[in-house]
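[1] turn this into a structure:
(3 chains)
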Amino acid sequence: MNLGKFPYCKKCNAWRVFAVLAIVLLALPFVTDALLGRGWVRIADFALLYIMLALGLNIVVGYAGLLDLGYVAFFAVGAYNYALLSSPQFGLHWPVWVVLPLGGLLAGFFGVLLGAPTLRLRGDYLAIVTLGFGEIIRIFLNNLNAPVNVTNGPQGISMIDPVQSGGISLGSTQQVFGITLPSVHLYYYLFLCFTLLVIFVSLRLENSRIGRAWMAIREDEVAAEAMGINTRNIKLLAFSMGATFGGLSGGLFAGFQGFISPESFSLTESVMILCMVVLGGMGNIGGVILGGVLLVLLPEALRNGAGPVQQWLFGKTLVDPESLRMLLFGLALVVVMLVRPAGLWPSTQRRRELSDDDDDVVKQELESVYGSSK
Amino acid sequence: MSYKHLSLSLAVLLAATLVACGKSGTSATTPATPEVNSGASDVSVVKIGASAPLTGPQAHIGKDNENGTRMAIEDANAKGVIIGGKKVRFELLSEDDQTDPKTATIVAQKLVDAKVSGVIGHLNSGTTIPASRIYSDNGIPQISPSATAVTYTAQGFKTAFRVMANDGQQGKVLGEFAAKTLGAKKIAVLDDRTAYGQGLADEFIKSAQANGAQIVTHEYTTDKAVDFTAVLTSIKGKKPDLVFFGGMDPQGAPMLKQLKTLALDVKFMMGDGGYTPKFIENAGAASEGAYASLPGVPLDHMPGGKDFSQRYEAKFKQPIQLYAPYCYDAVNVMIAAMQKAGSADPAKYLPELAKVEYDGVTARITFDDKGDLMGGAITLYQVQQGKWQPLQTMGGGPAAAH
Amino acid sequence: MDIFLQQILNGLVQGSVYALVALGYTMVYGILGLINFAHGEVVMVGAMVALTVSQLLLATGLPPLLVLLIALMVAAAACMVLGYGIERIAYRPLRNAPRLAPLITAIGVSIVLQNLAMIFWGREYHAFPQLLPNGLHTLGGAVINDVQLIIMLVALLMMTGLMLLVHRTRLGRAMRAVAENPSAAMLMGVDINRVISVTFMLGSALAAVAGIMVSANYGIVHYYMGSILGLKAFTAAVLGGIGNLRGAMLGGVLLGLIESLGAGYIGDLSGGFFGSNYQDVFAFFVLIAVLIFRPSGLLGERVAERA
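    Now for the predicted structure:
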C-alpha cells in the first residue's frame, strides 16, 4: 500500500470516508428492514454472495482475460461440499470452519482441473469448453444418486445445517449486546465479512506480481511469454484463485439456503455472473461490485415497479407486470452496454485502451495519483 | 492507492444499494398492514400469498396455478366470507419464483413481510422446499398445490401441507396399475431428471417390481429436450410392452409421436404431468390410448367440479392446464380452517388446518400428521377419441413410509 | 444391427437440425468474429411467425405445401427485419468496443426476444401444424420419415448454397474481404456496413428456415425453444471450427451422431454405471478431446474458407 504517496490530509480524508461507509454498511440491514421489509435484507444477502462470485470470476475474465462460461460449477462444488459434510445426507456435521475452507480448496482444485486441458484454447473456443465443464459438473450432481447415492440427484439435499459455531447458529435469531439480530441480518454480517476479505485479496492480487502477469497475458499472451512469464502456471493460478472464491461463496450459499439442488447451478447463473463482471466494468473491483449489486437488485426492483408504472403511464395494466419484468431486465442490459461499452465503471487501463483522447486520461490518472491541482 | 480503491468500492456498493432501494420505493407504498386491517366499512382484509413460475419454461403451468388461486379468492369475495363474526375480503399477492430456488426464498420472505395469512405454492418441489423453511420460521401455513417430492413434508415443518399426492403415493398406484391392470411384464422407464420426474419414476419402479413386472431398462432425458429418438431406439431394442415416462407434457407429447414414428408399438404411460389438454393437442393422433394419472377423483364426478371447469374456461379463455383445481381447493381449505378457528391469524388457524376436513373439487381433503394428503385417491385416465377419459380410481392409502 | 442403423439415422437427423442452426451462427461469426448469442431466439421467432401464418392460412383451406411456402417467406422476411434491427441496435454501435460488450447485448437481446414472444404467443407449448408429408420409409430395419429426409436435404442444400454465395458471387467476395480485414475492405470500396447488414439478414433468414424445419420435425413450438437449440448449435459450430461453413455442417452431424450413439450405447460401454443421463457429458468430453488436439475445431484452420 503506497500510502506514502498521499499527502497527509488526503490520508485522513480517506479514513473519514472509510468510517462513514463502515457505519452505513453496518446499519444497512436495520435500515432496510425498517423501510422496505426483511425480504430486501435477504436480497442484500444475495447481492453480497454474488459480489463474491463476480469478484472471483473477475480474476479469470477481468484480470487474465480468459472467457469462462462455466463459472457456476465452482459455486456448485463449494455448495455441495458444504451440503454433504454438514447435513443428514451422510449424517456428517463437520464444523463450519473446516467445511468452508475445504470447499474453497476443492473448488480451487477443480479450477486447475478445468484449466489444464484448456491452456491452448483461446477466446470463443475456451468459452465453449468452460461452458461444457459447467454443464458436466451439473449433470454429474444431477445424476449421482445411482448406483450409489452421493448427491441425492435432482431431489437435492435438504436440512443442511446453518452456519454455526460454538453453539451459536446463524440460522436463528440471536441476541448480541441486547440487540435482536434475525437470521438474515446475521448472514448479512457474515457475508459482509467474507466480501470484504474477497475484496481485500482481490486488491492485493491486482497490484501484485501475479496480478500484473495476468494482465500481461490478457493484453498479449505471446508477448507475456516472451517476457518470461510462465503462462501455463499463471493461467492455472487464475483459474484456481477464481474458483476458490466461487467455492467459498458456494459453501455460504448452502448454509444460508438450507437446501440445494442442481437447478441452482444452471448455465443461466454463469451467464448472469459474467454479465455482472462485464456490465460493471471488467478488471475494476469497484465496477464488478457495482455490477453484482445492480444485477441482483434490478430484477427485484422491477418486480414491484412494472405494475404501478404501467398504471401511471396508461391508466391501466396492459401486460402482466411479471411478463414485463424480465423484458425490462434484458433491455437494461442492452442499453447499459450501448451507453457504456466498457462497463459502468471501467478500470483505468481499459479506459486508456478505449479512449481516443489519451491526454485526458493521462490527466485523470495523474489526478488520481497526486490529487487534484488545488 | 489501495485504500482509496477500497473505500471507493464500498461507496459504490452502498450507493447502488440505496439507488435500488429508492427504485423500489413503489413497494413501500403498499405498507405492511397488519393482516387483519379494519377498513372503512368494517370489512377486514386477509392477504393470501401465491407463488409459481410466471416466466421461464414452466410459465404456462405456473400461470394456471395463479388462475386457480385467483378464482378461489374471487369466489370467496363474491360469496362474502365471515370469519370470527366479521366480514372479510381476501386479497391475492402473487409472485413469480422463476422456478429458481434462490428467487423462491426471496419471494417467500417478501410474502412473509407483506403479512400474508397463508401461502398457496410453490409449483415445483425445488422451489417449495427451500421456501418452506422460511414459512415455517415465520409460522405461516403453506399449502403446495403441486409439489410432489416426499422431502417437502418430511422435513418436520408444522406449516407445510399439500393437496397433491406425493411421488410415493402416486408412483405406487401407477406401478400397480401398469403391472396388474394392464398386465405389463417388461417395462421401460424414462425420466426427465427433474425432482418430479426422477422421484415419480423411482417410486413407479419400486411398485412395478413389487407387483411382478420386470424393468428392462431405465433411460433418461431432460426437461428441455425435444428429440428422444436415441433413447427410444435403445428402448426398442429391449422390446418392452410398456413405456413409462416420469416428466411433463411438453416432453411427453413429442416423445409419444417419435415412439410411433419408430414403429414402437407399446403402451405409453405418464403421471399427472401428462394429464393435460395440451398433451393431446401436441401429440395429435399419436396420443390415442396413452395413459396418465391424476390425484383425486375426476372433476366431473365431484360436486361443483364441472361447474368449476366451465367457469374457469369462461374466465381465462383456456381450458384448465393442470393444477388449477388443486390451487382452488388449497385456498378453500385454508379459508375453511380460518372460519373454523374464527381467525385469520396463522397461529390460531394452523391447528385447525392440520385437522381440517373439506370437500374440494378434486377430493375430500384431510391431512395426515406430516401434512400430506390423507388416503388420496388417484384416478387413471386414458386418451379415447381425443379426450382424457377416466378409467378407474384407485384408493391410495396412507402416504408411503420413508 | 437394425438398432445400430436406427441410431445412426437418428444421429444424422438430429445432426442436420443442429447444422441448420449452426450455419447461421457460423456465417455471422465468419464475417464479424462475433458469436450472435441471440441467434437461437431468432430461430424461435421464425418458428412462431410461421406458426401464426400457417394457422391463419390453413383455416382458409389452402393446400399445406403452399401454406408452408408462404409461411416460410413471411417468417424469413420477419426474421430478416429482426436480424437487421438486432445488428443495427445491439451490435453495430459496439463494433470497436471491448470484445465482451456485444456478448452482453446479445444476452440482453435474447432475454428481450424470449419475453416478447411470451407476451405475444403466450406461455403454452403450441402444436405445429403438419405441413410436410410424413410418410414412413423402412431402410434395413430402421425407420425414417419424409420430414426427416427433407431436413437432411435442406441442410445440405443450404450449406451448398451458402458456399456458392460466399465463393462465387460479388457479395461473397465482399464478405470474405470484410472478414479478412474490414479497414482494408473499406479502403477498397466495400461498403462494410451494408455487407454486414446483409450477412445478418441472410443469417436470420436461415434461422427462419431452421425454425420451421425444427418445428415441423418435432411438431411443437414454445417461446423458450431457442435457447437450448442455440446452445447445441453453437457447440456444433465450435466443434467443426466456427466461422467455417463446412465445419458447421460437419460439427452438427458429428454432434448429432455423438449424442445418439452416446445415449444408445454409453450404458453398455460403461458396464451400466453411466446411462443416457450422461449423454451431454459424453458429447462435451468428445468436444474437449477434439479441441485439445485441434484447438480451433475440426476444420477451423482453413482460414481462406471462412465465410
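[2] can you give me how far whatever helix or strand residue C:238 lives in is from the chain middle?
    Per DSSP states H and E: residue C:238 is located in helix C:225-240. Using C-alpha atoms, centre = their mean, to the nearest Å, the mean C-alpha position of helix C:225-240 is found 7 Å from that of the whole chain.
[3] same check on stretch B:336-345?
    Taking mean C-alpha positions (C-alpha atoms, centre = their mean), stretch B:336-345 and its chain are 24 Å apart.
[4] now do the buried residues in that stretch.
    B:336, B:337, B:338, B:339, B:340, B:341, B:343, B:344, B:345 (16 or more other C-beta atoms under 10 Å in any protein chain shown). To be clear about C-beta, it is placed using only N, CA and C from the backbone, and glycine gets the same treatment.
[5] contacting residues around that stretch?
    B:35-36, B:44, B:46, B:81-85, B:88, B:117, B:141, B:348-353, B:356, B:358 (C-beta atoms under 8 Å, 6 or more residues apart in numbering or on different chains).
[6] among those residues, which are located in helices?
    Mapping these onto helices (DSSP state H) picks out B:348, B:349, B:350, B:351, B:352, B:353.
[7] could you pick out the buried ones from the residues you listed?
    Applying 16+ other C-beta under 10 Å to these flags B:349, B:350, B:352, B:353 as buried.
[8] so what's the residue nearest to the second one when sequence neighbours are not counted up against?
    Read it as residue B:350. The shortest distance from residue B:350 to any non-neighbouring residue, by C-beta to C-beta, 6 or more residues apart in numbering or on different chains, is to residue B:141 (5.3 Å). Residue B:141 makes contact with B:117, B:118, B:119, B:135, B:159, B:161, B:334, B:337, B:346, B:349, B:350, B:353, according to C-beta under 8 Å, 6+ apart.
[9] next, the residue nearest the centre of chain B: secondary structure please.
    Residue closest to the average C-alpha location in chain B (C-alpha atoms, centre = their mean): residue B:146, at 1.5 Å. Three-state call for residue B:146 (DSSP: H, G, I helix; E, B strand; the rest coil): coil.
[10] doesn't residue B:164 make contact with it?
    Yes - with contact defined as C-beta atoms under 8 Å, residue B:146 and residue B:164 form a contacting pair (5.4 Å).
[11] now do the shared contacts for the two.
    Common neighbours of residue B:146 and residue B:164 (C-beta under 8 Å, 6+ apart) are B:323, B:326.
[12] in CSV, list the buried residues of stretch B:336-345 along with pLDDT.
    Converted to CSV, these look like this (pLDDT from 0 to 100):
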residue, pLDDT
B:336, 95
B:337, 95
B:338, 95
B:339, 93
B:340, 93
B:341, 94
B:343, 92
B:344, 93
B:345, 94
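[13] report the contact partners of the nearest residue to residue C:102 once chain neighbours are set aside.
    Among residues not flanking residue C:102 along the chain, residue C:94 sits closest, at 4.8 Å (C-beta to C-beta, 6+ apart). Going by C-beta under 8 Å, 6+ apart, residue C:94 touches A:337, A:338, A:341, C:101, C:102, C:105.
[14] now do the contacts for the residue of the stretch 201-307 of chain C found nearest chain A.
    Residue nearest to chain A within the stretch 201-307 of chain C: residue C:284 (3.5 Å; C-beta to the nearest C-beta). Listed by C-beta under 8 Å, 6+ apart, the contact partners of residue C:284 are A:132, A:133, A:135, A:136, C:235.
[15] with respect to chain B, which of those is nearest?
    residue A:135 (10.7 Å).
[16] you'd agree residue C:22 is up against residue C:241?
    No - shown here, residue C:22 and residue C:241 do not form a contact pair, counting by C-beta under 8 Å, at 10.9 Å.
[17] can you list residues touching both of the two?
    residue C:251.
[18] what residue ranges in the chain score low on pLDDT?
    Just going to use chain A. A:1-11, A:305-308, A:310-311, A:315-318, A:349-374 (pLDDT under 70).
[19] wait, chain B
    B:1-41, B:395-402.
[20] does residue B:156 count as helix, strand or coil?
    coil.
[21] for residue A:16, see how far away it is.
    51 Å (C-beta to C-beta, to the nearest Å).
[22] neighbour count: residue C:22 and residue C:241, which is higher?
    A direct count of neighbours by other C-beta atoms under 10 Å in any protein chain shown for residue C:22 and residue C:241 places residue C:22 higher, at 37 against 27.
[23] for stretch A:139-151, which outside residues touch it?
    A:76, A:80, A:84, A:152-155, A:157, A:262, A:265, B:193, B:198, B:220, C:272-273, C:275, C:277-278, C:280-281.
[24] and that stretch, what's buried?
    Quick answer for stretch A:139-151 (16+ other C-beta under 10 Å): A:139, A:140, A:141, A:142, A:143, A:144, A:145, A:151.
[25] show me where the stretch 101-250 of chain B has strands.
    B:118-121, B:142-144, B:160-162, B:186-191, B:214-220, B:242-246 (DSSP state E, counting those that start in this stretch).
[26] the spatially closest residue to residue C:185 that is not a sequence neighbour is in what secondary structure piece?
    Take residue C:185 and drop its neighbours on the chain: the residue closest to it by C-beta to C-beta, 6+ apart is residue C:177, 4.0 Å away. Per DSSP H and E: residue C:177 is located in helix C:170-180.
[27] now do the helix or strand that that helix is followed by: distance to the chain's middle.
    Downstream of helix C:170-180, the first helix or strand assigned by DSSP H and E is helix C:182-187. Helix C:182-187 has its average C-alpha position 29 Å from the chain's average C-alpha position, going by C-alpha atoms, centre = their mean.
[28] now do stretch C:2-14
    Mean-position distance between stretch C:2-14 and its chain equals 20 Å (C-alpha atoms, centre = their mean).
[29] returning to what we had before: in a markdown table: the contacts of residue C:284, plus distance to residue B:102.
    Formatted as a markdown table, the contacts of residue C:284 follow (distance: C-beta to C-beta, whole Å):
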| residue | distance to residue B:102 |
| --- | --- |
| A:132 | 24 |
| A:133 | 22 |
| A:135 | 19 |
| A:136 | 22 |
| C:235 | 27 |
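[30] looking at those residues, which are in helices?
    Using DSSP H, A:132, A:133, A:135, A:136, C:235 are the members of those that sit in helices.
[31] looking at these, which is nearest residue A:26?
    Of all those, residue A:26 sits closest to residue A:133, with 38.8 Å by C-beta to C-beta.
[32] near chain C, which residues of the stretch 1-150 of chain A are found?
    Neighbours of chain C within the stretch 1-150 of chain A, by C-beta under 8 Å from any C-beta of the partner chain: A:61, A:67, A:117-118, A:120-125, A:127-129, A:131-133, A:135-136, A:139-140, A:142-143, A:147.
[33] drop anything exposed from those.
    A:61, A:67, A:118, A:121, A:124-125, A:127-129, A:131-133, A:135-136, A:139-140, A:142-143.
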